[in-house]
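*Asks:* Build me a model:
(one chain, ligands or ions: 3)
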Amino acid sequence: MNLLIDIGNTRTKWLMLDGGAPHARGVLGNHKLKELDFTGFQVSASIASCVANERVFNELALRVREQLELELQRAVVTDRQGQLLNAYRRRDQLGVDRWLAAIGAHSLIQDRRLIVVDAGTAVTVDLVTADNVFQGGVILPGIRLIQECLTGNTAGVVSAPSDVRSVVGRTTQECVNAGAQFGVAGAIERYIREMTGWSGDGGSDVPCVLMCGGDAERLSALLPIEHRVEVDLVFSGLSVVLS
Ligand SMILES: Nc1ncnc2c1ncn2[C@@H]1O[C@H](COP(=O)(O)OP(=O)(O)O)[C@@H](O)[C@H]1O
Ligand SMILES: CC(C)(COP(=O)(O)O)[C@@H](O)C(=O)NCCC(=O)O
Ligand SMILES: [K+]
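*Replies:* Ligands and ions are numbered 1, 2, ... in the order given. Purely as a prediction, here's the structure:
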């Protein structure tokens, strides 16, 4: 069995693969890692993507060592992975989750223009050109961060995350949620048009948009561009790197 771990800035996701097929999975907040218990699994290799701080990775590596008697490999950003080239100018700065999500997307679809959206704590929208080059893209605050930015810097805005039904809110919460969710979905659409020059009229040059992250489903409902939700892009990337 292989253990894949994706440590984001908010949550840690893990997946056990048995002969390449999902066997078990879990997700928990980074402040609850003490609850992780992998004992009982027969794991031969483990690898983690980490964009949270070092303390979180070290805590996880310790638990893997204690519970599985295994070293937790740490994925890093590289110049290339197979046919996929990395053109980010400052590769030392690139978040490894962005690189892995692109590797995962590219393992699904090659030789086509790809847009990789990871909607987590932050939302990243990255371009992979049809010549199989990861080009980079944009970083913006995620839905929860936008909400917290508002509620944390105003006296009168009190709100909690919820689904939106209409862009015209009639309570503070409806207005804040509509603003954040339609705003991020609209921003993603605009980035895709800017990155690809695509007019939005269908046609043969329609970019292939793959979306992952904790807010992927929520944003999917509001994104007016053809796309696929592929929640396991980072795991797919980790799996490619491990094999
Ligand atoms: N049950 C949940 N707990 C926490 N965040 C959630 C949950 N459901 C959706 N979210 C949204 O998903 C985001 C976290 O997504 P995730 O992909 O796990 O982030 P990261 O990889 O950055 O840790 C949050 O910022 C929030 O907007
Ligand atoms: C952009 C991110 C904060 C996204 O993190 P996440 O939302 O997955 O927790 C992460 O990929 C990161 O720390 N990147 C470093 C900056 C860069 O990619 O250039
Ligand atoms: K993200």
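*Asks:* Does residue 128 belong to a helix, a strand or coil?
*Replies:* strand (DSSP: H, G, I helix; E, B strand; the rest coil).
*Asks:* Same question for residue 27.
*Replies:* Under three-state DSSP, the three-state class of residue 27 is strand.
*Asks:* how many neighbours does the nearest residue to residue 42 once chain neighbours are set aside have?
*Replies:* Excluding the flanking residues, the one nearest residue 42 by CB to CB, 6 or more residues apart in numbering is residue 1, at 5.5 Å. All C-beta spots, glycine's among them, are computed from the backbone N, C-alpha and C. Look at residue 1: counted by other CB atoms under 10 Å, it has 16 neighbours.
*Asks:* quick check: domain ranges of this structure?
*Replies:* With domains defined by automatic domain parsing, the chain comprises 2-74, 110-143+156-232.
*Asks:* wait, what's in contact with the residue nearest to residue 42?
*Replies:* 16-18, 23, 41-44 (CB atoms under 8 Å, 6 or more residues apart in numbering).
*Asks:* again, only using 6 Å
*Replies:* Contacts for residue 1 (CB atoms under 6 Å, 6 or more residues apart in numbering) come out as 16, 18, 41-43.
*Asks:* Out of the residues you listed, which is nearest to residue 230?
*Replies:* Ranked by distance to residue 230 (CB to CB), the contacts of residue 1 are led by residue 16 at 19.0 Å.
*Asks:* So which residues of this structure form strands?
*Replies:* With strands called from DSSP state E, the chain shows them at 2-7, 11-18, 21-29, 45-50, 72-74, 80-81, 84-86, 114-119, 122-129, 133-141, 208-212, 228-229.
*Asks:* hmm, the fourth one touching ligand 3?
*Replies:* Yep, that's strand 45-50 we're talking about. No. Counting by CB under 5 Å from the ion, ligand 3 is not contacted by strand 45-50; separation bottoms out at 10.9 Å.
*Asks:* Good, we can wrap up now.
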